[in-house]
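Visitor: generate a structure from the sequence data that follows.
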Amino acid sequence: MRILLVAVGKVRPPYADDVDHYAKHLRPRATVEQVEVKDAAAAIARIPSGATVVQMDPTGVQMDSPTFAKFISDRQMEGKTVCFLIGGPNGIDYPAAQHKISFGVMTLPHQLARVVLLEQLLRAHAILAGEPYHR
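Guide: Residues are numbered from 1 along each chain as shown. This next block holds a predicted model:
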């Protein structure tokens, strides 16, 4: 599975260590590329043609971890690049996104949202592999 995470803004300490940690542990399970951009327009410009776009948005669908794992499994079966969009302080308005997912109604700093997304991607892959990471 190829995952492209496009995020507005740079990840900085203390979040950078966590981003690196989860990305490293995801690599045996999926190809993960992270792209940092200046603004929402630049993020949208980085979406590859034919990719399945998942916009992280507070108005999106909320899922528990097993449901997110099923979502990831379904995307794997499609065989397309999955592009996750994380906005900056002003968010991202991308009506063409095939999916919108929310971590909850609270607003998260974009750096923390990136950590949470990478951790949930790792957890989803562990659930799908039947590994004990998710308990």
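
Visitor: use CA for all of it now, contacts and neighbours both
Guide: Noted.

Visitor: can you tell me which residues contact residue 75?
Guide: Neighbouring residues of residue 75 by Cα atoms under 8 Å, 6 or more residues apart in numbering: 52, 82.

Visitor: report the contact partners of residue 1.
Guide: Per Cα under 8 Å, 6+ apart, neighbours of residue 1: 29, 30, 31, 76, 79, 80, 81.

Visitor: of these, just the buried ones, PyMOL syntax please.
Guide: To isolate the buried subset of these in PyMOL, counting by 16 or more other Cα atoms under 10 Å, use the following:
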select buried, resi 30+76+81
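
Visitor: max pairwise distance over the contacts of residue 1: which two?
Guide: 29 and 80 (15.4 Å; Cα to Cα).

Visitor: quickly list what the nearest residue to residue 52 once chain neighbours are set aside is bridged to.
Guide: Counting by Cα to Cα, 6 or more residues apart in numbering, residue 82 is the residue found nearest to residue 52 once chain neighbours are left out, at 4.8 Å. Assessed by DSSP bridges, residue 82 has beta-bridge partners residue 3, residue 52.

Visitor: where does the chain have low pLDDT?
Guide: Low-confidence segments of the chain, defined by pLDDT under 70, span residues 134-135.

Visitor: in it, spot the helix with the most residues.
Guide: Assignment by DSSP state H gives helix 110-129 as the longest helix of the chain.

Visitor: other SSEs contacting that helix?
Guide: In this structure, helix 110-129 packs against strand 2-8, helix 15-26, helix 65-78, strand 82-86, with contacts taken as 3 or more Cα pairs under 8 Å, 6 or more residues apart in numbering; DSSP states H and E.
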